[in-house]
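**Q** Give the three-dimensional model of this entry:
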Amino acid sequence: MQFRRFNNIYFVRIDRGEEIMSALEKLCADEKITLAEVKALGAVDDFEVGLFDVAEKKYHKNNFKFPAEITSFWGTVTTKEGKIYLHIHMSAADVKGQVFGGHLSRAVVSATCEMIVHDFSEGSSNGFAVERKFNEEVGLNLFEFLN
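**A** Here you go, the predicted model:
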């Protein structure tokens, strides 16, 4: 992974064979990014996405191993109990244009991944912060607005 920072926006290149979620988590930890919006495009050949079933309060995960183009990749970076918390959704299309997607657990880059991370962490110094807190009713870690 390589990146450059321009003001509060990071331009990130994740290379072939790297796992996207691990690379993003490392970037956030190293650069002290605790609140951000994330967008990306690129290609993967091994990824796991899922759907959260609210009634069952559990994720149903699907693993895919084939060359695919990322058609949509968007999410947020926050914290939970002081640790980086990534919430990313990704869709990817196979050679026939069939799209598979959902909540992203992991994805391995097959060619490249170009990512933009818009860092809002400095806002927390102005009294604005977003943490994650578990919500019993829904069964997920939801935004908790601080201040």
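**Q** C-alpha only now, for contacts and for neighbours.
**A** OK.
**Q** Just list the residues touching residue 19, thanks.
**A** Residue 19 sits next to 106-109 when contact means C-alpha atoms under 8 Å, 6 or more residues apart in numbering.
**Q** Of these, which belong to strands?
**A** Residues of the contacts of residue 19 located in strands (DSSP state E): 106-109.
**Q** and residue 33, helix, strand or coil?
**A** coil (DSSP: H, G, I helix; E, B strand; the rest coil).
**Q** tell me the mean pLDDT for stretch 79-90?
**A** For stretch 79-90, the mean pLDDT works out to 96.
**Q** That stretch: which residues count as buried?
**A** Of the residues in stretch 79-90, those buried by neighbour count under the rule 16 or more other C-alpha atoms under 10 Å are 79-80, 84-90.
**Q** list the contacts for residue 25?
**A** By C-alpha under 8 Å, 6+ apart, the contact list for residue 25 reads 84, 86.
**Q** give me the element it is part of.
**A** If you go by DSSP states H and E, residue 25 is part of helix 20-31.
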